[in-house]
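S.K.: need a 3D model of the sequence below.
(one chain, ligands or ions: 1)
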Amino acid sequence: MTDPLSTAAPNNTGGISLVRALVLVASLTSIVLVLWFLLVSQQDPYVKAVLKLNGSKEKGAMLFRMNCAGCHGINAQGLVGPDLRNVASSRRDSDLIRQVVSGKTPPMPSFEFEADGMADVLAYLHSLD
Ligand code: HEC
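M.R.: Numbering: from 1, shown residues only. Next up, the predicted model:
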């Protein structure tokens, strides 16, 4: 006698292993995502160093006039580059630092400020809010 359940059994196990495979893929994906997140959220040492310092907005204003005003305007009101007057309240400090040093948003060049110079520029950007 053929039992309908016995013919269903192989299909069932097939279904279960598919589910297992999917669960495995999902857990591997989440592990990878967690690792990626941990890596990304680790701040690089330069950003950390800058954030530890208390920059001077006066020095920052001088650096801004020499390096940035040509594109962002003498009062950061925007020219070729965007208006920066509210940028420090809308973007995180670590983003702003990366924006200035990374050179990843052409035509804005990358700048090689010492950590204290970068802290001064950051203080200046905050003073514009
Ligand atoms: C050659 C022109 C140029 C110079 C010089 C320049 N920038 Fe920029 N900057 C830009 C442009 C163009 C953008 C927009 C890039 C984009 O969003 O892809 C930008 C974007 C930015 C942003 C992000 C604005 C936002 O709304 O998110 C910040 C912050 C910034 N610049 C700061 C600076 C600082 C500080 C300096 C000087 C150290 C500087 N820039 C020098 C052209 C310039």
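
S.K.: for N75, the count of nearby residues, please.
M.R.: N75: 14 surrounding residues under other CB atoms under 10 Å. Heads up, the C-betas are built off the backbone N, CA and C, glycines and all.

S.K.: mind checking pLDDT for it?
M.R.: You'll see N75 listed with a pLDDT of 95.

S.K.: now Q99
M.R.: Reported pLDDT for Q99: 94.

S.K.: tell me who's in contact with it.
M.R.: Counting by CB atoms under 8 Å, 6 or more residues apart in numbering, Q99 makes contact with 91, 105, 108.

S.K.: mind doing that once more with 7 Å?
M.R.: When contacts are counted by CB atoms under 7 Å, 6 or more residues apart in numbering, Q99 touches T105.

S.K.: could you check how far it is from I16?
M.R.: 50 Å (CB to CB, to the nearest Å).

S.K.: can you list the domain ranges for this structure.
M.R.: Domain assignment of the chain by automatic domain parsing yields the ranges 1-42, 45-127.

S.K.: with the ligand as the reference, name the closest of these.
M.R.: Ranking those by proximity to the ligand (CB to the nearest ligand atom) places domain 45-127 first, at 2.8 Å.

S.K.: quick one: buried residues of stretch 49-58?
M.R.: 49-51, 55-57 (16 or more other CB atoms under 10 Å).

S.K.: I'd like the list of the residues you listed that fall within helices, please.
M.R.: 49-51, 57 (DSSP state H).
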